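In: For reference, the sequence and a predicted model appear below.
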Amino acid sequence: MVCFFGPSMVQNSGFGEDRGKGSPSLSVETGMGDVTVVTGGTGFVGAAVVRHLVAAGARVRVLARPRGDRRLLAGLPVEVVDGDLTDAPSLGRALARAARLFHVGAFYSLWAADRRLFYDINVEGTRRVLQAAAEAGVSRVVYTSTVGALGIPPAASARKRRR
């Protein structure tokens, strides 16, 4: 993980003294009412972000789907807000009094019966969460995307259909 943030953010260059020693070191400066929100915190990448933030001393709030699997958060001192990227009011609740947002949440699948889910969650959901962050006065946002955002180039897709 290589991330560069401002002085009040988690700071992690991924280089320097801790290079090659496993997990990069993190530090967080926190203040009164200082909350870091993580979308997608119940997923593989998001839970890793949550664990690093908690280890660095951050006060973490996770947006999690009401019926989602939360096992990766077990035992972590985090606040969980029920909601999802398609529900604007839940985003407002999750981002209330937050200073930072790590947007890691997405719909990632190789197939879906309703392909509109990809767009509604990954594109419109990102728009919704960024809008809610702006309305809540969040000062820093870290956006994490997926290789799924790249899609298959039209030429490659045409070659597959001819086979």
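Out: All right, it came through fine. Numbers count the residues shown, from 1 in each chain.

In: Show the backbone phi and psi for the closest residue to Arg140 other than its chain neighbours.
Out: The shortest distance from Arg140 to any non-neighbouring residue, by CB to CB, 6 or more residues apart in numbering, is to Arg100 (4.6 Å). (Glycine included, C-beta is placed from N, CA and C.) Comment: the main-chain dihedrals of Arg100 come out as phi -140, psi 150, following degrees, to the nearest 10.

In: neighbouring contacts of stretch 103-117?
Out: 38-41, 43, 45-46, 49, 63, 84-85, 118, 121-122, 125-126, 129-130, 141-146, 148 (CB atoms under 8 Å, 6 or more residues apart in numbering).

In: go again using 6 Å as the cut-off
Out: With contacts defined as CB atoms under 6 Å, 6 or more residues apart in numbering, stretch 103-117 is touched by 39-40, 45-46, 49, 85, 118, 121-122, 129, 143-144, 146, 148.

In: Which pair of the residues you listed spans the longest distance?
Out: The largest distance within the contacts of stretch 103-117, taken as CB to CB, falls between Val49 and Phe118 and amounts to 22.0 Å.

In: neighbour count winner among these two?
Out: Comparing Val49 with Phe118 by neighbour count (other CB atoms under 10 Å), the higher total belongs to Val49, at 24 against 17.

In: Quick check, pLDDT for Gln105.
Out: Heads up, residue 105 is Gly, not Gln. Looking at Gly105, its pLDDT reads 95.

In: State the three-state secondary structure for it.
Out: coil (DSSP: H, G, I helix; E, B strand; the rest coil).

In: Give me the neighbour count for it.
Out: Using other CB under 10 Å as the criterion, Gly105 is surrounded by 26 other residues.
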